[in-house]
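K.L.:
Need coordinates for the below:
(chains A and B)
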Amino acid sequence: SQQGEEDPQALSIQEGENATMNCSYKTSINNLQWYRQNSGRGLVHLILIRSNEREKHSGRLRVTLDTSKKSSSLLITASRAADTASYFCATNNDMRFGAGTRLTVKP
Amino acid sequence: SQTIHQWPATLVQPVGSPLSLECTVEGTSNPNLYWYRQAAGRGLQLLFYSVGIGQISSEVPQNLSASRPQDRQFILSSKKLLLSDSGFYLCAWSAGAGELFFGEGSRLTVL
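P.N.:
Model prediction:
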């Protein structure tokens, strides 16, 4: 079974806009992680948020975690064309990924 | 620093031929190791994971197998490839329940 499920499946925005993508999971977790994948490449770890944290920032990334709803969101502010990629979430107790969110940022 | 190597990067194989993809990790000991497969435009499917030498857990029954002959070496194999085995294969490692570090992937086309 899959733990992390991302939505929307695809998101297209203009450069400078913010992008929000969501992740839902099924069971209790110790941490949740977000990854980025450029086309044809391996995944790169972006940020990890622990179950006792509600929000975490890293540069233009903001991650929130709501353990009561078993959901997380990734916000990319002031998006750039270089942010175009697929984004995935995974939880510590189940290193499985969903189908991801394909983000396209138009210049 | 830790690095992960995965090869070959690209291969084209006929149906029924064998497969061997190799992954090695440097700079760490006793990593958890993972093999994933990604179909075109899709998410990642966890195939195998290993928490130690000779310890392999299989997620999906299929004609693929994995082995861990050394602490930092993880091999994905098949005796006879199927068309459906085509995809992008990714190896990854982690230290316990932390973040995953991925290789650059191996793109397999079975004809």
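K.L.:
on contacts alone, who are the packing partners of the helix or strand hosting residue B:51?
P.N.:
Here residue B:51 is covered by strand B:44-52, with elements defined by DSSP states H and E. If contacts are counted by 3 or more C-beta pairs under 8 Å, 6 or more residues apart in numbering or on different chains; DSSP states H and E, strand B:44-52 sits against strand B:32-38, strand B:55-58, strand B:64-70, strand B:73-78. Just so you know, the C-beta spots here come from the backbone N, C-alpha and C atoms, and that holds for glycine as well.
K.L.:
Pull the residues that contact that strand.
P.N.:
Strand B:44-52 is contacted by residues A:43, A:88, A:95-97, B:30, B:32-39, B:56-60, B:62, B:64, B:66, B:68, B:71, B:74, B:76, B:90 when judged by C-beta atoms under 8 Å, 6 or more residues apart in numbering or on different chains.
K.L.:
Reformat the helices and strands packed on strand B:44-52 as TSV; add distance to residue B:96, mean neighbour count and mean pLDDT.
P.N.:
Listed next are these as TSV, based on distance: least, C-beta to C-beta, whole Å; neighbours: other C-beta atoms under 10 Å in any protein chain shown; pLDDT from 0 to 100:
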stretch	distance to residue B:96	mean neighbour count	mean pLDDT
strand B:32-38	7	24	95
strand B:55-58	15	14	92
strand B:64-70	17	16	96
strand B:73-78	17	20	97
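K.L.:
can you list these in JSON lines and add distance to chain A?
P.N.:
Formatted as JSON lines, the helices and strands packed on strand B:44-52 follow (distance: least, C-beta to the nearest C-beta, whole Å):
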{"stretch": "strand B:32-38", "distance to chain A": "6"}
{"stretch": "strand B:55-58", "distance to chain A": "11"}
{"stretch": "strand B:64-70", "distance to chain A": "15"}
{"stretch": "strand B:73-78", "distance to chain A": "14"}
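K.L.:
Please list the residues of chain A that sit near chain B.
P.N.:
Taking C-beta under 8 Å from any C-beta of the partner chain as the criterion, chain A approaches chain B at residues A:30-31, A:33, A:35, A:40-45, A:48, A:88, A:90, A:92-93, A:95-100.
K.L.:
quick one on the thing from earlier: give the buried residues for the strand holding residue B:51.
P.N.:
By neighbour count on 16 or more other C-beta atoms under 10 Å in any protein chain shown, the buried set for strand B:44-52 is B:44-50.
K.L.:
if you take the average position of chain B, which residue is closest to it?
P.N.:
residue B:35 (3.3 Å; C-alpha atoms, centre = their mean).
K.L.:
so that one bridges to which residues?
P.N.:
residue B:48, residue B:91 (DSSP bridges).
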